[in-house]
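Colleague: what's the 3D shape of this:
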Amino acid sequence: MLQFDHTRPAAPEDGATVAVLLHGRGSHRGDLQALRPLIPPDWGLVTPQAPHAGHPWGYGPGWAWYKYVEEDRLVEETLAHSLSALETFLDQLPELLDFEPGRIVLGGFSQGGTTSMAFAISRPDMVAAVINFSGFLADSVEVPFSALSPGTPPIFWGHGLRDPNIPHELAVKGRQRLNAAGMRLTAHDYDIGHWIAPEEAGAAVTFVESL
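Modeller: So this is what the prediction gives:
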């Protein structure tokens, strides 16, 4: 079972939107709770912790969703383990939150964004939308060419033009793959490095609320 932090909606009730946001490499479950002020008060915010210890891979004392190789490549088995753990976690959300979520919005920063897209593409019936902040589309992810079929979640992809960790070129490459498959993709670029700008978080919320 993944460890997690969460803040409940202002008035928790069945049908509330819940954002499940995944932290980046070497971070922890509490990190993205810092986005709470930028998320509507009637949304729940759940931030699970990745299952892999980062230290053996040189990622410091935090946690990781997968072992990175280079560019848009990673060790597939490590990502598969995280996707399986995340699937179990999402299945248990109603019990963990004590209410039945309505829309589940899956997203994250960096490794969390990469993992969110991989999860949603492979398990499209489990989430309503995806928010990718500065992640990449892993080379190993098979993008279906039936992406316009009902149930395929739309994706928001925000990326920094000056990102030194996951260069903008990887965003261009991943977006091209999604567009070629007919995915419902909304892309925004920002004059920032490897972080989340407040206006980017606001655009992501607007994207979800417009669905």
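
Colleague: Which helix in this structure has the most residues?
Modeller: Among the segments of the chain that qualify as a helix by DSSP state H, the longest is helix 76-91.

Colleague: what residues does that one touch?
Modeller: 1-2, 4, 20, 22, 48, 50-52, 64-67, 104, 106, 115, 118-119, 122-123, 126-127, 138, 140 (CB atoms under 8 Å, 6 or more residues apart in numbering). For every residue, glycine as well, the C-beta is placed using N, CA and C.

Colleague: how about the helices in the protein?
Modeller: Using DSSP H, helices in the chain cover 76-91, 93-97, 111-122, 168-180, 198-209.

Colleague: Make JSON lines out of these and add distance to residue 161.
Modeller: Below are the helices of the chain laid out as JSON lines (distance: least, CB to CB, whole Å):
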{"stretch": "helix 76-91", "distance to residue 161": "26"}
{"stretch": "helix 93-97", "distance to residue 161": "35"}
{"stretch": "helix 111-122", "distance to residue 161": "16"}
{"stretch": "helix 168-180", "distance to residue 161": "5"}
{"stretch": "helix 198-209", "distance to residue 161": "12"}
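
Colleague: Show the buried residues in the contacts of helix 76-91.
Modeller: 2, 20, 22, 48, 50-52, 64-67, 104, 106, 115, 118-119, 126-127, 138 (16 or more other CB atoms under 10 Å).

Colleague: Quick one: work out the angle between the longest helix of the chain and helix 111-122.
Modeller: 80 degrees (axes from the mean of the first three to the mean of the last three CA atoms, to 10 degrees).

Colleague: Please tell me how far helix 76-91 is from the chain's geometric centre.
Modeller: Relative to its chain's centre, helix 76-91 lies at 13 Å (CA atoms, centre = their mean, to the nearest Å).

Colleague: quick one: the strands in this structure?
Modeller: Remark: strands assigned in the chain by DSSP state E are 4-7, 18-22, 44-48, 52-53, 63-64, 68-70, 73-74, 104-109, 129-133, 155-160, 185-190.

Colleague: now the last one against helix 198-209, angle please.
Modeller: Going back to what we said before, that points to strand 185-190. Using the same axes, to 10 degrees: strand 185-190 against helix 198-209 is 170 degrees.

Colleague: Show me what strand 185-190 is packed up against.
Modeller: strand 155-160, helix 168-180, helix 198-209 (3 or more CB pairs under 8 Å, 6 or more residues apart in numbering; DSSP states H and E).

Colleague: got it, and the fourth one?
Modeller: Contacts defined by 3+ CB pairs under 8 Å, 6+ apart place strand 52-53 against strand 63-64, helix 76-91.

Colleague: Pick the most deeply packed of these.
Modeller: Highest mean neighbour count among those (mean count of other CB atoms under 10 Å): strand 63-64, with a mean of 26.
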